[in-house]
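Colleague: got a sequence here, can you model it:
(chains A and B)
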Amino acid sequence: MKVTLNWLKEYVDFSLSPADIAKILTMAGLEVEEYHTETRDFSNLVVAKVESVAKHPNADKLSVCTVNTGVKQLQIVCGAPNVAAGMLAPLALAGATVAGGLKIEARAVRGVPSDGMLCSEVELGLSERADGLMVLPENTPLGMKMEDFIGEADTVFDIFITPNRPDCMSVIGIARVLAAFTGAKFIKPVVKFSAPLMEPVEKSMSVEIMNSDKCARYSGRLIRDVQIKQSPFWLANRLHTVGIRSINNVVDITNYVMMETGQPLHAFDYDRLAGKKIIVREAVEGEKFVTLDNQEHTLNKEALLICDAEKPVALAGVMGGINSEVEDSTRTVFLESAYFDPANIRFTAKNLEMMTEASRRMEKGIDPDGTVYAMDRAVQLMEELAVGRIVQSCIDNYPRKIDPVKIDLSVGRINTLLGTSLSAQEIIAFFPALEITLLRQDGDLLHIIVPTFRPDLTREVDIIEEIAMLYGYDNIRFELAPKINQTQEQNPNTHFRDQIRYSLAGFGFRETISYSLISEKLAEPFLADKCEFIKLLNPLSLDMAGFRPSLILSLLTNVAYNRNRQMPDMRFFEIGNVAWKEPQQQGFTEITQIGAILAGKKQQQAWNAQAAGYDFYDIKGAVTAFLRKCGIHNFEQGTVREKIWDKESSSILINGKYCGAFGKINAALCSLFKIKVPDVYAFFINYQDVYENRATGLKYTAISKFPSIPFDLALLVDAGIALHDIEKEIWQSAGPHLVNLKLFDYYQGEQIQQGKKSIAFSLTFSSKECTLSVEEVDRAVKNVLSHLNKLFGAILRPG
Amino acid sequence: MAEKLQTIVTQISQITAEFQRELAGAESRNDAEQLKLKYLSRKGPIQNLFGLLGTLDNQDRPQAGAELNRLKADVQKAIDAKIESFYVETASIESFDPSLPGQDWPVGGIHPLMVVMDEIKQVFAGMGFRIEEGNEIETDYHNFEALNIPPHHPSRDMHDTFYLGGKYLLRTHTSPVQIHVMESQKPPIRMIAPGKCYRKDTPDASHSPMFHQVEGLCVDKGVSFADLKGVVQAFALKMFGRDVKVRFRPGFFPFTEPSAEYDFSCFCKGKGCRVCKNTGWLEISGAGMVDPAVFGFVDYDPKIYSGYAFGMGVERIAMLKYEIPDIRIIYENDLRFLEQF
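Modeller: Numbering: from 1, shown residues only, chains lettered A, B, ... in the order given. Purely as a prediction, here's the structure:
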């Protein structure tokens, strides 16, 4: 909402600087987003009289004029259609600069010398009116500097009005707040007009409201002998400063009064209303209507229409119709000032995507008591500007009276909620500024009535906010002894997750934070069979079409981003939410995932080392170490389910449950992400599984006091037998004293029988009770050997 | 002692002696590598002896096995040490240069946004707030209605929402977590809800369709606006130092009444600078007293309980703290960015 300093001054008496006003309004909840004082250069611009107009010899649309600046006569070539002998207009002399930065100089125009330029309002930056020269009043002294004519530059404030303050979508409303917060006097303009036409308005107009739930009040006035013309400069200029285009005197007045009072008004061409009748009714489903911006709309039955005896003529509270708008030929105007149901207007405006100045006010709730005031204010201006003659009697159909709200206010509750110690008297002293009426005081309770222009004040707590604002948020103390709730334990879930983030960082991974919104094309390979991508109904772009189904997707995006910038090597991790839609699922599946990625080289070429890339066992090592850090010492491996992996891949099974996978990302997926060298390894693990299987309730386990005995065991087995299975069986058969088992050699090749592999373990035996004898270890090893031999045909490797 | 065992023991000492001699004679890393191949390969003498274990009497086998294992371990260790010595020796004899680079060691790190998030969480945890989280896909009810934002209400315009169809949407703030917590717990409540939020804002230097928020909520008997001011001030001091001033000014949120916006004094100490646009204040976020209508949705009695809520944008704080000029940099995950923190 834009408002100017001079406009505010019409209703409130103050002498504050723009900076002070901005601060006060901001502290009153009307945040001034910016303010600026128009600085315009009017040098070498003077008032001149056009004395004669002749046709330009070489151009049809140009005239050659003689103009008088009071000091001298000049010849000016002019292209304006309204140039006429006798008129006064602004003249830019050589040296002047007009809007848009054009420097004026004396020069020939199409072969005819011109000493300067006669200007329109748009050329002076005063309004958007560009259709002709700015017409200055006849009594303006010739040669007067335009800067004196325009007067001091006004300051425009751009204020963010929160949706709870429709009253402040008006200059009067803002002035009222300014007065309340400065203690200055607020003066609401007294409306006075003569209304000479004594005819009874009912004879010329009747209003019938079919849906009083949607139209609580409908007021109207008739203006006859109307002359549609340009608005005077001050009106067009003022509308211009607050961002409204000047149309003609009638429309400009309705807009001006809307800006001033917050009440949207609509002017109909009375002669185009059939049957001297207004009917307010709901639309018929599918009914078509053309608004005055020449757009046809198909309405649903919720929409409220203003109709004449035959047809709709306006979309209530949103926009008038093209079939009844005021035109140059209009002789009689019917002025509408109504109160429509805010929710309904909002619904219609949203539905038709028609946010207008009117709907923006109507949808938030204007003052139901303000319809007559605003319409009278408009006819007052019409009378003052000689737009037409006012019919004295008016229409005011108010079938559903909206009463002011009564509220009981407890002084005690105010102070409890705010942490203040205000007395009843101090509180009551705030009421006048809010135009709140105190009905009576009943001990702690204050019974009050709230003005109808504040639809946001319906409850005690709403009034408490008003009091807090007027008292000053700054004046409420900082309570430094906060009440701490000591009955809660910390959230183990978030605590654990933060711990593992720091673990992964400790393992050398860098944390990333990626957009969860991604393209469908990238998401597709990550979706399990029959699971669907979660699409936004209203995405910003195809690149952000929906929710990521995997963290590896995000990490690959990050790899690609860095690779494109000559950074090939990285280790990233991210923990975040991923989601998809399962078949026949009502809602969505959203889970937290842990993802990590290794890309490029793990070792750069260095003076003491050869360059080396990552391999499958690097990512497996990362998974193993990470899980061990979480207290998960064992996981099983299986076949991967995702389509993203190369054959060098494995799932992660914890207690038999599929919790994630790791391995090499396949080349096809890398190329989808435009990663040229497919040397990327990754893992993902579902967070919840890690959390549930984490080490909890740890207790100290006694450490053996006795020496441990190592034993190396080299075996030959069929190449097809997985190491994991062998290890499992060793643990199974080695007895209670095996405490550690580690593969230290693995070989397949020339020196070994084909189809076999050589594997060598170092076993460590230890007991907490005694020093183990060599015999005990030997027995255990023998047992292992015979067990492995039976199961896998394993034999001791011959030397 | 059985004969065969004796043979093995003898061989072990022979091998040991031979090895020691050869090791002493090794003059280069290459010599040492050759030794390794000779003694520790599959066809080497030690491995050979392991092969003989099978021929021993059962009772002798463990002893011999243990001896052999020890031999193997000793040889391995000695060779490794020898090989290692050549790396050092070459340097140390000629010109030991401690300025040569050390072994490359991977450096991980926490994303700067999360550093700030973690700091915020820590500060509030220290003040007795429990950390609560919720889903990013929410229902209209929890994101809006239960927060006193009915359908078609004008305040929905303040949240440009991504819709997923049906009642589902991407949460526009972490406030729905408050509702979930209040639905499942009775007062007293003291919690913060950190997390990702989504709004349909076209990305530019200060807008992102995804951002992070921390919301706080405290509900108990007799909780006042003064308590809210106190806790926000305590946060400001802990986070930004003792000189920071806190300013509350009126604001509007459908789920709080009275509502406020709060600002922290700028690092320029009020002198006015580019960051605070010469106002001396940095807008941080919104806060207020929980609207009784919200209590209505979660079945708390507003006559008994009152509460405050506050929020803050984590990006905003991180951008201020690290002087990051453009919010989009945060989500690019450019190594040159991440490595700065």
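Colleague: neighbours of the residue nearest to B:Tyr262 when sequence neighbours are not counted, how many?
Modeller: Closest residue to B:Tyr262 apart from its sequence neighbours, by Cβ to Cβ, 6 or more residues apart in numbering or on different chains: B:Phe248 at 5.1 Å. Any C-beta I mention is one placed from the backbone N, CA and C, and that applies to glycine too. Neighbour count for B:Phe248, taken as other Cβ atoms under 10 Å in any protein chain shown: 24.
Colleague: my read: B:Phe248 touches B:Ala260, true?
Modeller: Yes: using Cβ atoms under 8 Å as the test, B:Phe248 is close enough to B:Ala260 to be in contact (4.5 Å).
Colleague: list the residues that contact both of the two?
Modeller: Residues touching both B:Phe248 and B:Ala260 (Cβ atoms under 8 Å, 6 or more residues apart in numbering or on different chains): A:473, B:287.
Colleague: show the pLDDT at the residue in the stretch 351-500 of chain A that chain B sits nearest to.
Modeller: Here the residue of the stretch 351-500 of chain A nearest chain B is A:Gly419; by Cβ to the nearest Cβ that distance is 2.6 Å. For A:Gly419, the pLDDT comes out at 95.
Colleague: pLDDT score assigned to A:Leu102?
Modeller: With respect to pLDDT, A:Leu102 scores 85.
Colleague: for it, what are phi and psi?
Modeller: Here is the backbone geometry of A:Leu102 (degrees, to the nearest 10): phi -70, psi 130.
Colleague: tell me where the stretch 101-250 of chain B has strands.
Modeller: For the stretch 101-250 of chain B, applying DSSP state E, counting those that start in this stretch gives strands covering B:130-131, B:137-139, B:163-165, B:168-170, B:189-198, B:210-220, B:246-250.
Colleague: pull the longest helix from the chain.
Modeller: Assuming you mean chain A. helix A:774-792 (DSSP state H).
Colleague: hmm, I had chain B in mind actually
Modeller: Max-length helix for chain B by DSSP H is helix B:61-89.
Colleague: for chain B, name the helix or strand with the lowest mean pLDDT.
Modeller: helix B:95 (a mean of 77; mean pLDDT, DSSP states H and E).
Colleague: for B:Glu67, what are its contacts?
Modeller: B:8-9, B:12 are the contacts of B:Glu67 under Cβ under 8 Å, 6+ apart.
Colleague: residue contacts, the residue nearest the centre of chain B?
Modeller: Geometric centre of chain B, nearest residue: B:Ile110, 5.2 Å, by Cα atoms, centre = their mean. Contact analysis of B:Ile110 by Cβ under 8 Å, 6+ apart lists A:501-502, A:505, A:511, B:118, B:341.
Colleague: these in helices, which ones?
Modeller: Short answer: these in helices (DSSP H) are A:501-502, A:505, B:118.
Colleague: which parts of the helix or strand encompassing B:Arg21 are buried?
Modeller: Using DSSP states H and E, B:Arg21 sits within helix B:3-25. Buried residues in helix B:3-25, defined by neighbour count with 16 or more other Cβ atoms under 10 Å in any protein chain shown: B:5, B:8-9, B:11-12, B:15, B:19, B:23.
Colleague: same deal with stretch A:103-110?
Modeller: Using 16+ other Cβ under 10 Å as the test for burial, stretch A:103-110 gives A:104, A:109.
Colleague: ok, now stretch A:290-302?
Modeller: Applying 16+ other Cβ under 10 Å to stretch A:290-302 flags A:291-292, A:297, A:299 as buried.
Colleague: what does stretch A:716-732 give?
Modeller: A:716-717, A:721, A:726, A:729-730.
Colleague: JSON lines for those, including pLDDT and distance to chain B?
Modeller: Formatted as JSON lines, those follow (pLDDT from 0 to 100; distance: Cβ to the nearest Cβ, whole Å):
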{"residue": "A:Leu716", "pLDDT": "92", "distance to chain B": "11"}
{"residue": "A:Val717", "pLDDT": "93", "distance to chain B": "16"}
{"residue": "A:Ile721", "pLDDT": "92", "distance to chain B": "20"}
{"residue": "A:Ile726", "pLDDT": "93", "distance to chain B": "19"}
{"residue": "A:Glu729", "pLDDT": "94", "distance to chain B": "21"}
{"residue": "A:Ile730", "pLDDT": "95", "distance to chain B": "17"}
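Colleague: related to what we said a few turns ago, what is the nearest of the buried residues of helix B:3-25 to A:Ala92?
Modeller: Closest approach to A:Ala92 among the buried residues of helix B:3-25 (Cβ to Cβ): B:Leu23, at 102.5 Å.
Colleague: touching, the closest one and B:Lys82? I think so.
Modeller: Yes: at 6.1 Å, B:Leu23 counts as touching B:Lys82 under the criterion of Cβ under 8 Å.
Colleague: three-state assignment of A:Val313?
Modeller: Following DSSP: H, G, I helix; E, B strand; the rest coil, A:Val313 is assigned to strand.
Colleague: now do the one 10 residues further on
Modeller: Local secondary structure at A:Asn323 is given as coil here, using three-state DSSP.
Colleague: tell me which helix or strand the closest residue in space to A:Glu727 that isn't next to it in sequence sits in.
Modeller: Excluding its sequence neighbours, the residue lying closest to A:Glu727 (Cβ to Cβ, 6+ apart) is A:Leu741, at 6.2 Å. Assessed by DSSP H and E, A:Leu741 sits inside strand A:738-747.
Colleague: sorry, back to before: show me what contacts the residue nearest to B:Tyr262?
Modeller: B:Phe248 makes contact with A:473-474, A:476, B:229, B:232, B:260-262, B:287 under the criterion Cβ under 8 Å, 6+ apart.
Colleague: between these, which sits nearest A:Asp131?
Modeller: Closest to A:Asp131, out of all of these and judged by Cβ to Cβ, is B:Glu261, at 44.3 Å.
Colleague: identify the bridge partners of the closest one.
Modeller: Applying DSSP bridges to B:Glu261 yields these beta-bridge partners: B:Arg249, B:Gly286.
Colleague: want to throw the buried residues of stretch A:290-302 into CSV with pLDDT and secondary structure?
Modeller: Listed next are the buried residues of stretch A:290-302 as CSV, based on pLDDT from 0 to 100; DSSP: H, G, I helix; E, B strand; the rest coil:
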residue, pLDDT, secondary structure
A:Thr291, 94, strand
A:Leu292, 91, coil
A:His297, 94, strand
A:Leu299, 94, coil
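Colleague: got the phi and psi for residue 324?
Modeller: Assuming you mean chain A. The phi/psi pair for A:Ser324 (degrees, to the nearest 10) is phi -140, psi 10.
Colleague: was after chain B, sorry
Modeller: According to degrees, to the nearest 10, B:Ile324 has phi -90, psi 120.
Colleague: ok, it to chain A distance?
Modeller: 13 Å (Cβ to the nearest Cβ, to the nearest Å).
Colleague: my guess is that residue meets B:Glu332, correct?
Modeller: No: counting by Cβ under 8 Å, B:Ile324 stays clear of B:Glu332, with 11.1 Å between them.
Colleague: compare these two and say which is more crowded by neighbours.
Modeller: Counted by other Cβ under 10 Å, B:Ile324 and B:Glu332 do not tie: B:Glu332 has more neighbours, with 20 against 17.
Colleague: isn't that one up against A:Ala560?
Modeller: No: look at B:Glu332 against A:Ala560 with Cβ under 8 Å: they stay out of range, at 11.5 Å.
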